[in-house]
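Asks: from the sequence below, what's the structure:
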Amino acid sequence: MAETKTLQQIDQELISLLNERITLLQTQGAPSMAEQLEQIRPFLIDANVSEFTWNTLVVNCMAALATETPTPQQKQAQRQRITVVGGRGIMGSFFCDRMTNAGHEVRVLEYDDWDQAHILLGEADLVLIAVPLKHTIPIVRRVAEYLSPQTILADVASTKAEVVQAMLEAHSGPVVGLHPMFGLGSGTFLGKKVVVCPGRGLDTAEWLLDLIEADGGTLITCTPEEHDAMMIAVQVIRFFSDFSLGTFYAREGVDIDRSFEFSSPLYRSEINIISRLVTQDAALYVDILMASPERCAAIERMVTTYTHLANLLKQGDRAALIAEFEKTGAAFKPGAARSLVESSYMLNNLSNFIAATQTEPQHPSTEPSGKSPISPALPSPIQRC
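Replies: Numbers count the residues shown, from 1 in each chain. Okay, the predicted model is just below:
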């Protein structure tokens, strides 16, 4: 009689098989995701496994190919001394983790560590400034007093023109502006973008850029001016739109939890994005919105657009509204197919996650944790230096 395996034993075997699968994809070349799905489709029905479940597994295996695990020899050869100013904040701690994982010597300078600045900063190969936006330029000037001409000075602020210029003026050595285009819940650089604004001596920071790419990240190189112009669309308008919609729901007294019972996964994902924004550090996001007159002017133009559309609704001008809708649709049409694929995958994943959490056993608790049993703990708030 065959021995009945435990869930843990089966999971260990699955992990081992997944490792074999990823290794095979790495060494023998990976067929496309569509080909991998097509090859196995006839077996899925008999196995009572959905196509989406298998597709998710294939996607994650392919994503694993984007990362490179450094060998002990590589870690030893490229070991750098790094100090992260604000390293106990959200983004600072993320960079500390990824650079430590790559084998570097990483130290943190916080607001109560300035008595050690001559060591933490003076001996560093790289000093990375990861403090709230409004403190970045003052910290740049303070940090620069301790740096050697060979030290790389970098930052992760969400505006670049003024910050990069301040670093160039304060420090005679290598300067690079970085902007990670992600936030909470980021375990690695996998699938994420980092904007790179060269300041001076970018070649000396190649090891840092290589680290990001080896961890699965994508680098976008541009001037500080182009970055700041693009962030109006990518960050500012989106943040203000989400903030405005969240404020409306709050003023209307909408019961969000109850609304989820009536909602589609699309509504739920949009509300989750709003909640993710408005429950974080308010000062951080307000400073991003108010960082320049150009940002405030763009928000005013968006409000004018809202008012225009609202007036058409008030006037009952159906034809004009349809015309505006179709004109906007034409602007988005070139990327519509890609957007449909990506959003469908995201929503299917969310639907599966919701279904899975609903089947979990409910254990009584005297003190609700406020988070899903399988969700990661939120990082600590950004520290101010």
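Asks: please tell me how far Phe240 sits from Val234.
Replies: Distance of Phe240 to Val234, given as Cβ to Cβ, to the nearest Å: 12 Å. In short, each C-beta sits where N, CA and C put it, glycine included.
Asks: neighbour count: those two, which is higher?
Replies: In this view Phe240 and Val234 are compared by other Cβ atoms under 10 Å, and Phe240 has more residues nearby, 19 against 15.
Asks: quick check: the more buried one touching Ile299?
Replies: Yes. Between Phe240 and Ile299 a contact is recorded at 5.1 Å, counting by Cβ atoms under 8 Å.
Asks: what do those two both touch?
Replies: Both Phe240 and Ile299 are in contact with Leu289, where contact means Cβ atoms under 8 Å, 6 or more residues apart in numbering.
Asks: so Thr83 is in which element?
Replies: Here Thr83, judged by DSSP states H and E, is contained in strand 81-85.
Asks: tell me what the helix or strand that that strand is followed by is packed against?
Replies: Per DSSP H and E, the first helix or strand lying C-terminal to strand 81-85 is helix 90-101. The helices and strands touching helix 90-101, judged by 3 or more Cβ pairs under 8 Å, 6 or more residues apart in numbering; DSSP states H and E, are strand 81-85, strand 105-109.
Asks: name the residues that touch the first one?
Replies: Residues external to strand 81-85 that are found in contact with it (Cβ under 8 Å, 6+ apart): 92, 95-96, 99, 104-110, 120-121, 123-131, 139, 143, 385.
Asks: now Val175. Nearest residue, chain neighbours left out?
Replies: The shortest distance from Val175 to any non-neighbouring residue, by Cβ to Cβ, 6 or more residues apart in numbering, is to Gly199 (3.2 Å).
Asks: okay, the helices and strands packed on helix 90-101 in a markdown table with distance to Gly183 next?
Replies: Formatted as a markdown table, those follow (distance: least, Cβ to Cβ, whole Å):
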| stretch | distance to Gly183 |
| --- | --- |
| strand 81-85 | 17 |
| strand 105-109 | 20 |
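Asks: out of those strands, flag the one nearest Pro265.
Replies: strand 81-85 (37.3 Å; Cβ to Cβ).
Asks: mind listing what's buried in that closest one?
Replies: The neighbour-count check on strand 81-85 (16 or more other Cβ atoms under 10 Å) flags Ile82, Thr83, Val84, Val85 as buried.
Asks: list the contacts for the most centrally placed residue in the chain?
Replies: Nearest to the mean C-alpha position of the chain, counting by Cα atoms, centre = their mean, stands Phe182 at 2.1 Å. Listed by Cβ under 8 Å, 6+ apart, the contact partners of Phe182 are Lys192, Lys193.
Asks: what do you get for Ala154?
Replies: By Cβ under 8 Å, 6+ apart, Ala154 lies in contact with Leu126, Val127, Leu128, Ile129, Val175, Val176, Gly177, Leu178, Ala205, Leu208.
Asks: doesn't it belong to a strand?
Replies: Yes. Counting by DSSP: H, G, I helix; E, B strand; the rest coil, Ala154 is located in a strand.
Asks: what does the pLDDT read for it?
Replies: Model confidence at Ala154, given as pLDDT, is 98.
Asks: what does Phe94 give?
Replies: If you check Phe94, the pLDDT there is 95.
Asks: what is the burial count for it?
Replies: For Phe94, the neighbour count with other Cβ under 10 Å is 24.
Asks: what does the one 4 residues further on give?
Replies: Burial of Arg98 is recorded as 20 neighbouring residues (other Cβ under 10 Å).
Asks: report the contact partners of it.
Replies: With Cβ under 8 Å, 6+ apart, Arg98 has these contacts: Thr188, Phe189, Leu211, Asp215.
Asks: on that earlier part again, report the buried members of the contacts of strand 81-85.
Replies: Buried by 16+ other Cβ under 10 Å: 92, 95-96, 99, 104, 106-110, 120-121, 124-131, 139, 143, 385, out of the contacts of strand 81-85.
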